[in-house]
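Colleague: got a sequence here, can you model it:
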Amino acid sequence: MSKPTASLSLDLDNKWSYMKNNGAKGWEEYPSYLDIFVPYILKLLEELDLKLTFFIVGQDATFEHNHKYIRMIADAGHEIANHSFKHETFLHLYTREELEEEVDRAHTILKAVSGREPKGFRGPGFTWSETLFEVLEKKGYTYDSSTFPTIIGPLARMYYFRTSNLTVAQKRERKELFGKFSDGFMKLRPYFWKLKNNKRLLEIPVTTMPFFRIPIHLTYLTYLSSISKQLMFLYLKCAIYLCKLTRTSPIFLIHPTDLLGSDMVTGMEFFPGMQIPSNEKSVIFKKVINIFAKHFTLVTLEEYASGIYDKNKINNNRITDVY
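Modeller: Below you'll find the predicted structure:
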């Protein structure tokens, strides 16, 4: 009997984007760790014989010193996807014209640098709007993966604001960062947004634990490991059991900070978990991926979306159209 599918993706948020969203000084100089992180993660993925989706920020692709590393990702066979141009966590406040420019600028530069045309999009900080979906559909995108059905978004935002140096105005812009409590009641399994003129766009939510709607991506697992590794693995196994019970194909999310510690990247001590050594994080990563691989066939989001577009798969998974 074939295993169900799980999809893996990595939001390639660079050092400057973390600094920007934290209100740290110096982000305007666009400090980068791509030269450290990309070879590091590609080596780990090669060891695991694993392909995943890289959501890349367009701004990073404008710098020639990053071109080598973006091409390395594409040349290794990983999917290149759009993570916006400026990585601002309030896309829901953008006008249609601003969204069109944001998507187009990132799309154009990523395609030019990587040689791959992005077909998927994820909003920074899980921000989205119906207008964004209309822009993506018009642009010919296959899927969006910006929704994050969790009930703890407001708590995460409160902690984030309390530990940041953001101004009152900047916090106001980010008032929907990580989503609302009501987002925890959104669909966990893929569905189609109904748009104007009978158009539609496939939505692939980032998976949270079924029933409980609490996060299961690597950032949270790594945090739990700092308390107790036994607790982390119990938490993960519970999440996998509930995903299989509810026939939910996990969309598992990774960030660079899940693999990098302060021993490899300096100036990011403000971010939780950076005190954990990089080699310890890589061990956790490998163990988590191997657990997923025991239960699921691991694919990129593009591969997963392609399967969904098959009519029989849509019917079998009971994917519905929603507003």
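
Colleague: from here on, just use CA atoms for contacts and neighbour counts.
Modeller: Noted.

Colleague: please enumerate the helices of the stretch 51-200 of the chain.
Modeller: Counting by DSSP state H, counting those that start in this stretch, residue ranges of the helices within the stretch 51-200 of the chain are 58-61, 64-75, 96-114, 130-139, 153-162, 168-173.

Colleague: mind listing the strands for this protein?
Modeller: 5-12, 53-56, 79-82, 120-121, 143-144, 191-194, 200-203, 251-254, 297-299, 321-322 (DSSP state E).

Colleague: for the stretch 201-323 of the chain, give me the ranges with low pLDDT.
Modeller: Residue ranges of the stretch 201-323 of the chain with pLDDT under 70: 311-323.

Colleague: so what's T167 closest to, chain neighbours aside?
Modeller: G23 (7.7 Å; CA to CA, 6 or more residues apart in numbering).

Colleague: residue contacts, the one you found?
Modeller: Contacts were defined as CA atoms under 8 Å, 6 or more residues apart in numbering; by that measure G23 touches 164-167.

Colleague: from these, which is closest to P272?
Modeller: Using CA to CA, S164 is the member of these that lies nearest P272, at 11.6 Å.

Colleague: any idea how many residues pack against the closest residue to that closest one other than its chain neighbours?
Modeller: Distances taken as CA to CA, 6+ apart place N22 nearest to S164, at 4.9 Å, with adjacent residues excluded. Taking other CA atoms under 10 Å as the neighbour definition, N22 ends up with a count of 21.

Colleague: separation between N22 and R157?
Modeller: Here the criterion is CA to CA, to the nearest Å. By it, N22 lies 12 Å from R157.

Colleague: likewise for V57?
Modeller: Shown here: V57 relative to R157, a distance of 22 Å by CA to CA.

Colleague: one more: A74?
Modeller: Distance check for A74 against R157: by CA to CA, it reads 33 Å.

Colleague: these two: which has the busier surroundings?
Modeller: Between A74 and R157, counting by other CA under 10 Å, R157 is the more crowded of the two (20 against 16).

Colleague: and the pLDDT at that one?
Modeller: On pLDDT, R157 comes in at 79.

Colleague: next one: the one 10 residues further on
Modeller: Here the pLDDT value assigned to T167 is 86.

Colleague: state the distance from it to V113.
Modeller: Spatial separation of T167 from V113 under the definition CA to CA is 35 Å.

Colleague: tell me which of those two has more neighbours.
Modeller: Neighbour count, other CA under 10 Å: between T167 and V113, V113 has more, with 19 against 12.

Colleague: ok, the more buried one touching Y69?
Modeller: No: contact between V113 and Y69 fails when scored by CA atoms under 8 Å: they sit 9.8 Å apart.

Colleague: before we move on, back to that, buried only: go through the contacts of G23 for me.
Modeller: 164-166 (16 or more other CA atoms under 10 Å).

Colleague: could those be laid out in JSON lines, adding distance to F90?
Modeller: Output for the buried ones among the contacts of G23, formatted as JSON lines (distance: CA to CA, whole Å):
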{"residue": "S164", "distance to F90": "16"}
{"residue": "N165", "distance to F90": "17"}
{"residue": "L166", "distance to F90": "14"}
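
Colleague: hang on, the earlier thing: adding distance to G179, write the helices of the stretch 51-200 of the chain out as JSON lines.
Modeller: Conversion of the helices of the stretch 51-200 of the chain to JSON lines gives the following (distance: least, CA to CA, whole Å):
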{"stretch": "helix 58-61", "distance to G179": "23"}
{"stretch": "helix 64-75", "distance to G179": "29"}
{"stretch": "helix 96-114", "distance to G179": "19"}
{"stretch": "helix 130-139", "distance to G179": "15"}
{"stretch": "helix 153-162", "distance to G179": "5"}
{"stretch": "helix 168-173", "distance to G179": "13"}
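
Colleague: determine which stretch of those is the most buried.
Modeller: Counting by mean count of other CA atoms under 10 Å, helix 58-61 has the highest mean neighbour count of the helices of the stretch 51-200 of the chain, with a mean of 24.

Colleague: pLDDT of that helix, averaged?
Modeller: 98.

Colleague: may I have it exported as CSV, CA atoms only?
Modeller: Presented in CSV, the C-alpha positions along helix 58-61 are these (Å, rounded to 0.1, in the frame of the first residue of the first chain):
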residue,chain,number,x,y,z
GLY,A,58,12.7,38.8,-4.6
GLN,A,59,14.9,41.5,-3.0
ASP,A,60,17.7,39.0,-2.4
ALA,A,61,17.7,38.1,-6.1
